[in-house]
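Enquirer: Got a predicted structure here, sequence first:
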Amino acid sequence: MFHHPDLPIADLPWMRASGSGFASLGEAFATPTNPTPLPAAHWVGCNEALRNELALPDDLWQQQEALELFTGNRLVANQPTYASVYSGHQFGQWAGQLGDGRALNLGSVQTPSGLQELQLKGAGPTPYSRRGDGRAVLRSSIREFLASEAMHGLGIPTTRALCVTGSPAHVRREEVETAAVVTRVAPSFVRFGHFEHFASNGQIEELRALADHLVTAHFPALQDKQGAERYVALLHEVTQRTAVLMAQWQAVGFCHGVMNTDNMSILGLTLDYGPFQYLDGFDANHICNHSDHQGRYAYARQPQIAYWNLFCLGQALMPLIDEQAPALAALESYKQAFPEAMDQRMRNKLGLSGAHEGDRALVEDLLQALQQDRVDYTVFWRRLSIAVLESAHNTHAFEPVRDIFLHREVFDAWCARYLERLGAANRQATGDAMLRTNPKYILRNHLGELAIRQAKAGNFAMVQDLLQVLHAPFDEHPTYEAWAGLAPEWASSIEISCSS
Ligand code: AMP
Ligand code: MG
């Protein structure tokens with residue numbers, strides 16, 4: 001089932017894997033698995049900016065061999081593609097072995113931005129597919145492609161997406177859809193679940209090898225530390241990165257939807273885009289995953305869930321650490337790191353310099369006002385930034401912000417406190433900085449949906465145009481002004497199913 005000895009070899013000199021990536025850990029980690037070809041492959045989305053960053057050939061999108069490689073229809077000479085095994089906690093429960101059920105790794109390539117792993121998502125079944133088909137549908141592949149690049153445009157750590165290819169081959173979900181493959185790029189795709197896997201199986205030497213590989217390849221500052229100290233430092237570093245990532249998600253209004261430990265990146269990247277959503281109207285209790293009946297992964301719970309997930313990672317590292325106290329201390333650093341990172345981001349969004357006593361209350365009361373009226377989160381921040389900028393010479397500058405509240409008196413009272421806190425700050429400079437902090441464009445559900453509808457009809461222009469705009473979300477894009485507007489009425493009826 002997993003071998004297609006007749007798969008042609010692609011002649012792509014740039015696709016020469018370095019021997020020091022994840023696959024160098026050996027077959028306990030990387031299980032050689034061939035892709036299953038798809039017929040009549042075609043490009044759906046091509047990320048020219050990332051191609052350029054990785055210094056891949058200028059004519060990449062014209063190369064038939066590249067199209068075939070990124071669809072899983074070619075192999076690279078002497079480079080077996082592989083799937084990796086991991087386990088994890090799903091919705092708070094130990095789920096046992098999971099693994100790359102539909103991800104196939106091409107290996108790591110040397111690029112100007114360092115060694116990067118390339119991974120195909122949806123290229124067919126693997127030994128870890130369980131009951132799945134190893135496929136991904138066009139709809140979810142476009143969402144992942146655009147969301148990861150939107151995240152990058154916002155300056156938030158994430159796995160990247162180089163391209164999406166499509167095929168007319170049928171994939172059965174709630175209805176019959178067509179297949180697609182996303183090529184993801186990251187320095188490492190290692191998840192908390194990789195550690196949980198080897199720990200739960202008592203494979204301590206593999207656990208150590210994995211931790212050492214990560215330190216060597218991705219945390220060189222920790223390399224001089226030996227023994228338990230090294231693994232405590234690793235746990236501390238992952239904790240810090242995760243805390244910052246959560247602050248970045250919360251500040252931009254991103255809801256991941258499936259924060260299981262197998263979807264948590266050890267590098268602190270946003271990983272595995274499924275039923276995610278960027279908030280439209282602000283609702284702290286928003287649940288974007290329709291299968292999440294308890295609201296475990298509701299927007300406001302994400303920072304707490306990340307902390308819970310870090311404890312799972314800590315638990316998995318215990319065989320290498322032995323003593324509980326230093327591991328707990330590393331984990332508990334989250335309790336300081338997250339609020340600090342969060343406060344800093346909210347101050348930046350408000351254009352406040354320095355840290356003042358009442359800042360947190362100012363933010364909390366604002367969020368309550370946004371919540372009460374379900375004010376559009378992105379539109380609010382953008383209008384506030386413009387208001388601050390224009391208040392340099394316009395006494396009515398805050399009216400467009402006031403207009404989006406139903407309870408105007410609540411906004412007025414808050415705004416008076418805000419202006420007092422802004423004080424004598426230079427409004428022009430403050431507003432300018434706020435416009436570079438508060439994006440104009442986010443990947444709203446309805447925008448993704450429109451791009452998907454067009455793509456299903458064979459028109460990929462909107463995928464490409466959205467990619468361009470989302471790569472520069474703080475800039476003005478006059479042609480695409482409508483994409484910065486409020487979500488239309490029908491957006492609330494879009495159901496993002498967990499199936500992808
Ligand atoms: P997720 O919730 O999407 O992160 O997936 C959880 C687990 O299910 C991972 O091990 C995935 O590889 C696996 N999985 C999800 N969808 C499929 C599929 N269509 N075929 C095979 N495995 C899948
Ligand atoms: Mg996953």
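Expert: Alright, I've got the coordinates. Numbering: from 1, shown residues only. Ligands and ions are numbered 1, 2, ... in the order given.
Enquirer: so G88, which of the three states?
Expert: Assigned with DSSP: H, G, I helix; E, B strand; the rest coil, G88 falls in the strand class.
Enquirer: what sits against it?
Expert: Counting by C-beta atoms under 8 Å, 6 or more residues apart in numbering, G88 makes contact with 95, 98, 191-193, 196-197, 260-263, 312. The way it works is simple: take the backbone N, C-alpha and C, and place the C-beta from them, glycine included.
Enquirer: Residues of the stretch 251-400 of the chain that sit close to ligand 2?
Expert: With the criterion set to C-beta under 5 Å from the ion, the stretch 251-400 of the chain comes near ligand 2 through 263, 272.
Enquirer: residues in contact with the residue of the stretch 251-400 of the chain found nearest ligand 2?
Expert: In the stretch 251-400 of the chain, the residue that lies nearest ligand 2 is D272 (3.8 Å; C-beta to the ion). D272 sits next to 258, 263 when contact means C-beta under 8 Å, 6+ apart.
Enquirer: before we move on, what about R383?
Expert: Residues in contact with R383 (C-beta under 8 Å, 6+ apart) are 400-401, 404.
Enquirer: returning to that earlier point: counting only helices, which of the contacts of G88 make the cut?
Expert: Members of the contacts of G88 lying in helices (criterion: DSSP state H): 192-193, 196-197, 312.
Enquirer: could these go into CSV alongside distance to ligand 1, neighbour count and pLDDT?
Expert: Output for those, formatted as CSV (distance: C-beta to the nearest ligand atom, whole Å; neighbours: other C-beta atoms under 10 Å; pLDDT from 0 to 100):
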residue, distance to ligand 1, neighbour count, pLDDT
F192, 12, 27, 99
G193, 8, 29, 98
E196, 13, 28, 99
H197, 11, 26, 98
C312, 15, 21, 98
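Enquirer: Determine which two of those are furthest apart.
Expert: H197 and C312 (11.5 Å; C-beta to C-beta).
Enquirer: related to what we said a few turns ago, look up the pLDDT of the residue of the stretch 251-400 of the chain closest to ligand 2 for me, please.
Expert: D272 carries a pLDDT value of 98.
Enquirer: Now do the end-to-end distance for stretch 121-132.
Expert: Distance across stretch 121-132, first residue to last, is 13 Å (C-alpha to C-alpha, to the nearest Å).
Enquirer: And it, what's buried?
Expert: 121-126, 128-129 (16 or more other C-beta atoms under 10 Å).
Enquirer: What distance do you get for G155 to V252?
Expert: Noted for G155: a distance of 9 Å to V252, by C-beta to C-beta, to the nearest Å.
Enquirer: and these two? which has more neighbours close in?
Expert: A direct count of neighbours by other C-beta atoms under 10 Å for G155 and V252 places V252 higher, at 24 against 14.
Enquirer: so who does the more buried one touch?
Expert: V252 neighbours (C-beta under 8 Å, 6+ apart): 154, 156, 278, 439, 442.
Enquirer: Hmm, the first one is touching K440, no?
Expert: Pointing back at L154 there. No: using C-beta atoms under 8 Å, L154 makes no contact with K440, being 11.1 Å away.
Enquirer: what sits in contact with each of these two?
Expert: Common neighbours of L154 and K440 (criterion: C-beta under 8 Å, 6+ apart): P473.
Enquirer: What sits closest to the residue of the stretch 351-500 of the chain found nearest ligand 1 if chain neighbours are left out?
Expert: Residue nearest to ligand 1 within the stretch 351-500 of the chain (C-beta to the nearest ligand atom): S500, separated by 6.5 Å. In this structure, S500 finds its nearest non-sequential neighbour in S140, 3.3 Å apart by C-beta to C-beta, 6 or more residues apart in numbering.
Enquirer: Tabulate the CA atom coordinates of stretch 186-203 in CSV.
Expert: Extracted as CSV, the C-alpha positions of stretch 186-203 are listed here (Å, rounded to 0.1, in the frame of the first residue of the first chain):
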residue,chain,number,x,y,z
ALA,A,186,9.3,25.1,8.6
PRO,A,187,12.7,24.8,10.3
SER,A,188,11.1,21.9,12.1
PHE,A,189,7.7,20.3,12.4
VAL,A,190,8.4,18.7,15.7
ARG,A,191,5.4,18.8,18.0
PHE,A,192,4.9,18.4,21.8
GLY,A,193,3.4,15.1,20.8
HIS,A,194,6.7,13.7,19.5
PHE,A,195,8.1,13.9,23.0
GLU,A,196,4.9,12.5,24.5
HIS,A,197,5.2,9.6,22.1
PHE,A,198,8.7,8.4,23.1
ALA,A,199,8.1,9.1,26.8
SER,A,200,4.9,7.1,26.9
ASN,A,201,6.6,4.2,25.2
GLY,A,202,9.5,4.3,27.6
GLN,A,203,11.9,5.0,24.7
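Enquirer: Buried ones in that stretch, by neighbour count?
Expert: Within stretch 186-203, the residues scored as buried using 16+ other C-beta under 10 Å are 186-200.
Enquirer: Which two among those are spaced furthest apart?
Expert: Greatest spatial distance in the buried residues of stretch 186-203: P187 and S200, 25.6 Å, computed using C-beta to C-beta.
Enquirer: what sits against S188?
Expert: 22, 117, 214, 217-218, 265-267.
Enquirer: Give the helix, strand or coil label for it.
Expert: Going by three-state DSSP: S188 is coil.
Enquirer: Distance-wise, check it relative to ligand 2.
Expert: Distance of S188 to ligand 2, given as C-beta to the ion, to the nearest Å: 15 Å.
Enquirer: cool, and L467?
Expert: 23 Å.
Enquirer: I'd say T183 and G122 touch.
Expert: No: look at T183 against G122 with C-beta under 8 Å: they stay out of range, at 9.9 Å.
Enquirer: all strands for the stretch 251-400 of the chain, in order.
Expert: Taking DSSP state E, counting those that start in this stretch as the criterion, the stretch 251-400 of the chain carries its strands at 254-255, 277-278.
Enquirer: I'd like the ones you listed laid out as a markdown table, including mean neighbour count and mean pLDDT.
Expert: As requested, the strands of the stretch 251-400 of the chain are arranged in a markdown table below (neighbours: other C-beta atoms under 10 Å; pLDDT from 0 to 100):
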| stretch | mean neighbour count | mean pLDDT |
| --- | --- | --- |
| strand 254-255 | 24 | 98 |
| strand 277-278 | 24 | 97 |
